[in-house]
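Colleague: here's my sequence, what's the structure:
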Amino acid sequence: MAQTHCSTSRSRVALDALAPLTIPGWRWGLALIIAGMTASFLLYGYALVYWRNADMDFMVIYNALVMNDGKPQLFFDHTAYLTIISVKAWLKMLHHIGLLDSYSLSTMPGASDTQAFDAAMTSIVRAGRVLAWLTATGCVLAFAGLIRAIVRDWRIALLATFAFAFCGGMAVHTRILRSELLSACPVIFALMILIMVGRRASVVRPLWMALAAGLCVLGLENKVQAILLIAAAPLLILPFGNTESASSPFWRKDRRAAPLVVVSAIVASAATWAASPLIVTGLDRALLETAGFHPLLLGGFGSYQAALLLLIGGCMITYALIWRISMTETLASMAAIVAGASVALLVLNLDYNTGNVIAVLNPLEKMLTFADSGTVAATSNSDFTGLLWLLLDGTTSVLARYSFILHSSPRPTVFFIWLIVPGIVYAWRQRKRQIAVQCLLLLLAALSIDTLGIRRGLKSEYFIFTDPLIILAGALLLAQLTDLRFHKWAYPTAIVLFGLQIVIGQAEPIKYALMRRGPEPVCEWNQHYLPLLALPWCASPRS
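Modeller: Take a look at the predicted model:
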């Protein structure tokens with residue numbers, strides 16, 4: 001009997017579809033993923049001519065150059081704050097250790113000396129692209145650690161990491177200085193942290209909540225579109241508890257819990273007081289009107305921000321009731337979230353500029369300054385019929401993209417949706433309804449955010465906001481429906497997805513590498529975004 005059991009076990013292991021794809025193991029598998037990202041970066045990023053990805057490479061680098069000369073930041077479009085100050089510090093550091101000559105506008109050769117200008121800009125842009133690659137690599141490793149902690153299966157975690165590293169969004173951000181990566185990843189990591197810590201009781205769980213809140217605010221500081229992910233997170237986390245989520249004995253019975261709640265409230269109050277000047281500035285009506293912002297609700301600013309705070313508080317109370325979190329831990333967690341968010345907001349003081357503050361505190365108003373005329377008209381006139389039509393039109397367009405057949409795109413994660421949707425149905429029929437609800441909410445969040453992003457074309461740069469949600473849904477589903485790994489079609493399906501992830505995910509970088517267009521399109525916007533930097537192929541900017 002024992003021999004039969006062992007033989008059966010060996011047979012099942014041999015038939016596991018994930019085993020052949022994860023032969024290198026966890027550490028070597030991660031090393032191969034990073035090596036693949038690096039090879040792609042060197043071929044289709046680092047080696048490209050410096051003006052190939054001028055939007056936004058030039059915009060970010062220009063601001064870093066002028067800020068290294070002591071001048072204020074110019075670019076506030078969305079706002080790229082963390083990206084700009086990190087590039088600023090990176091260029092200064094490389095200059096101090098002798099690896100970069102030009103690190104500020106005053107050290108740049110003039111446009112009249114084309115050869116010297118091209119050499120300097122090539123060095124600066126390549127330095128910036130290296131920083132983009134380092135940032136992307138760090139994000140992939142962070143995702144790997146969090147997804148393994150969530151699914152608790154290193155094979156699934158490794159494949160999910162591969163999918164994330166070679167998704168359409170990451171393919172773009174590995175080689176270009178854009179703001180989306182440092183905006184989306186902190187919020188995605190915050191969501192993953194909440195899922196991870198919500199499943200098991202811990203005395204320090206409120207500290208993890210503070211970290212998650214801080215990450216959300218940091219993401220918002222780099223691109224205001226992160227508000228969509230932040231607003232979805234409280235609802236997404238609700239079904240992610242289990243029997244082990246109930247508060248630990250410390251929070252339920254220990255007499256030290258109540259004083260700790262008081263201390264948490266004091267810390268939260270102090271952090272809020274420290275951040276209050278930023279909040280007051282960000283909601284200053286005169287500054288907002290000067291910046292061209294228009295109130296969205298009730299004729300005033302701050303309405304939806306207050307509604308979001310109420311949503312977060314309401315979801316925390318609901319989560320506590322569902323999964324038996326004690327009142328003391330809930331209150332401590334609320335205080336921790338306030339403290340974490342307030343401390344993260346203080347990062348705006350590292351290189352203070354009012355433009356950043358009002359954008360971060362009023363993200364939807366900032367987004368509307370770049371929306372199309374139809375969206376602006378519908379929101380300005382409170383035209384609910386028009387808004388509904390825009391949402392229906394956007395949803396239809398996104399579903400067409402998810403089909404890939406009706407509207408192709410360099411986004412291989414859409415093929416995961418083809419499997420996740422029937423997987424959700426299968427899980428529901430197998431009475432694994434909690435995982436079905438979890439994955440359905442993740443997909444609906446991705447669909448909703450993409451629908452709102454369609455008003456700006458849902459460019460490949462924006463995939464990074466929702467690709468991780470789709471990948472997370474697939475990993476969670478596979479971790480629960482373990483029998484699917486042994487289905488006869490599992491291995492061929494996995495091989496096809498593996499190939500599609502590489503081929504389609506790298507389509508956009510290869511397209512840019514093979515592009516024959518010159519740098520002349522930069523001249524359409526250089527005088528607005530680069531007013532003090534003359535370019536050899538453009539007319540001189542106004543003084």
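Colleague: shaky segments in the stretch 51-200 of the chain?
Modeller: For the stretch 51-200 of the chain, not a single residue meets the criterion pLDDT under 70.
Colleague: list the contacts of the helix or strand encompassing residue 366.
Modeller: Using DSSP states H and E, residue 366 falls within helix 363-368. Helix 363-368 has contacts (CB atoms under 8 Å, 6 or more residues apart in numbering) with 78-79, 220, 224-227, 288, 293-296, 301, 304, 358-359, 375-376, 379. Yep, even glycine has a C-beta here, placed from its N, CA and C like the rest.
Colleague: please apply the same query to stretch 524-538.
Modeller: For stretch 524-538, the external contacting residues (CB under 8 Å, 6+ apart) are 55, 58-59, 62, 65-66, 71, 74-75, 105, 108, 110-112, 114, 117-118, 518-520, 522-523, 539-542.
Colleague: can you turn the buried part of these into a ChimeraX selection?
Modeller: Buried members of the contacts of stretch 524-538, defined by 16 or more other CB atoms under 10 Å, are picked up in ChimeraX with:
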select :58,59,62,65,66,74,75,105,108,111,117,118,519,522,541
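Colleague: in contact with the nearest residue to residue 151 once chain neighbours are set aside, which residues?
Modeller: Take residue 151 and drop its neighbours on the chain: the residue closest to it by CB to CB, 6 or more residues apart in numbering is residue 479, 4.1 Å away. Residue 479 makes contacts with 151, 152, 153, 156, as judged by CB under 8 Å, 6+ apart.
Colleague: and the closest residue to the third one other than its chain neighbours, which helix or strand is it part of?
Modeller: In other words, residue 153. Leaving aside its sequence neighbours, residue 153 sits nearest to residue 479 (CB to CB, 6+ apart; 5.6 Å). In the assignment (DSSP H and E), residue 479 maps to helix 467-480.
Colleague: then residue 193?
Modeller: Per DSSP H and E: helix 181-198 holds residue 193.
Colleague: from the middle of its chain, how far away would that helix be?
Modeller: Distance of helix 181-198 from the chain centroid (CA atoms, centre = their mean, to the nearest Å) equals 8 Å.
Colleague: for it, name the packing helices and strands.
Modeller: Here helix 181-198 touches helix 81-96, helix 114-151, helix 168-173, helix 205-222, helix 226-236, helix 467-480, going by 3 or more CB pairs under 8 Å, 6 or more residues apart in numbering; DSSP states H and E.
Colleague: circling back: can you read off the pLDDT for the residue nearest to residue 153?
Modeller: Looking at residue 479, its pLDDT reads 93.
Colleague: equivalent analysis for the one 10 residues further on, please.
Modeller: Listed pLDDT for residue 489 reads 86.
Colleague: quickly note the distance from it to residue 495.
Modeller: The gap separating residue 489 from residue 495 is 11 Å, by CB to CB, to the nearest Å.
Colleague: and if you look at residue 255?
Modeller: Going from residue 255 to residue 495 by CB to CB gives 58 Å.
Colleague: and these two? which has more neighbours close in?
Modeller: Neighbour totals were compared for residue 255 and residue 495, and residue 495 leads with 13 against 7 (other CB atoms under 10 Å).
Colleague: may I ask which helix or strand encompasses the more buried one?
Modeller: helix 490-505.
Colleague: got it, and residue 518?
Modeller: Per DSSP H and E, there is no helix or strand for residue 518.
Colleague: quick one: contacts for it?
Modeller: Residue 518 neighbours (CB under 8 Å, 6+ apart): residue 537.
Colleague: excluding sequence neighbours, find me the nearest residue to residue 494.
Modeller: residue 17 (5.2 Å).
Colleague: and the pLDDT for residue 452?
Modeller: Taking residue 452 on its own, its pLDDT is 86.
Colleague: three-state assignment of it?
Modeller: For residue 452, the assignment made with DSSP: H, G, I helix; E, B strand; the rest coil gives helix.
Colleague: check contacts around the closest residue to it other than its chain neighbours.
Modeller: Setting aside the residues directly before and after it, residue 452 is nearest to residue 228 in space (CB to CB, 6+ apart), at 6.1 Å. Residues near residue 228 by CB under 8 Å, 6+ apart: 448, 449, 452, 465.
Colleague: in terms of secondary structure, what does the helix or strand where residue 428 lies contact?
Modeller: Assessed by DSSP H and E, residue 428 sits inside helix 414-429. Packing partners of helix 414-429 (3+ CB pairs under 8 Å, 6+ apart): helix 384-403, helix 433-453, helix 467-480, helix 490-505.
Colleague: skipping adjacent residues, who's closest to residue 86 in space?
Modeller: Using CB to CB, 6+ apart, the closest residue to residue 86 is residue 131 (6.8 Å).
Colleague: just list the residues touching the one you found, thanks.
Modeller: By CB under 8 Å, 6+ apart, residue 131 lies in contact with 86, 87, 90, 177.
Colleague: please identify which of those residues is nearest to residue 142.
Modeller: Lowest distance from residue 142 to these (CB to CB) belongs to residue 86, with 15.9 Å.
Colleague: ok, and for the host helix or strand of residue 270, which residues are buried?
Modeller: According to DSSP H and E, residue 270 maps onto helix 257-282. Applying a neighbour-count criterion of 16+ other CB under 10 Å, one finds 257, 260-261, 264-265, 267-268, 271-272, 275, 278-279, 282 buried in helix 257-282.
Colleague: now tabulate these in TSV and tack on pLDDT.
Modeller: Listed next are the buried residues of helix 257-282 as TSV, based on pLDDT from 0 to 100:
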residue	pLDDT
257	92
260	95
261	95
264	96
265	96
267	97
268	97
271	97
272	97
275	97
278	96
279	95
282	93
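Colleague: name the SS class of the closest residue to residue 520 other than its chain neighbours, please.
Modeller: Excluding the flanking residues, the one nearest residue 520 by CB to CB, 6+ apart is residue 537, at 6.2 Å. Look at residue 537: counting by three-state DSSP, its state is coil.
Colleague: residue 537 and residue 118, how far apart?
Modeller: 10 Å.
Colleague: same thing with residue 146?
Modeller: According to CB to CB, residue 146 stands 42 Å off from residue 118.
Colleague: likewise residue 99?
Modeller: 18 Å.
Colleague: kindly report the same for residue 319.
Modeller: Distance of residue 319 to residue 118, computed by CB to CB: 56 Å.
Colleague: same question, residue 81
Modeller: Counting by CB to CB, the gap from residue 81 to residue 118 is 29 Å.
Colleague: residue 443 now?
Modeller: Distance of residue 443 to residue 118, given as CB to CB: 47 Å.
Colleague: separation between the residue nearest to residue 153 and residue 466?
Modeller: According to CB to CB, residue 479 stands 20 Å off from residue 466.
Colleague: ok and the helix or strand encompassing residue 58 relative to helix 81-96, angle-wise?
Modeller: Here residue 58, judged by DSSP H and E, is contained in helix 54-67. Helix 54-67 and helix 81-96 are oriented at 60 degrees to each other (axes from the mean of the first three to the mean of the last three CA atoms, to 10 degrees).
Colleague: who's in contact with helix 54-67?
Modeller: With CB under 8 Å, 6+ apart as the test, helix 54-67 has contacts from 50-51, 72-75, 80, 83-85, 87-88, 90-91, 102-105, 108, 124-125, 128-129, 176-179, 351, 519, 521-522, 525-526, 529-530, 532-533.
Colleague: ok now that helix, how far from the chain's centre?
Modeller: The mean C-alpha position of helix 54-67 is separated from the chain mean by 21 Å, CA atoms, centre = their mean.
Colleague: that helix vs helix 114-151, what angle?
Modeller: Angle of helix 54-67 versus helix 114-151, following the same axes, to 10 degrees, is 100 degrees.
Colleague: my read: residue 356 touches residue 348, true?
Modeller: Yes - applying CB atoms under 8 Å as the test, residue 356 and residue 348 come out as touching, 5.7 Å apart.
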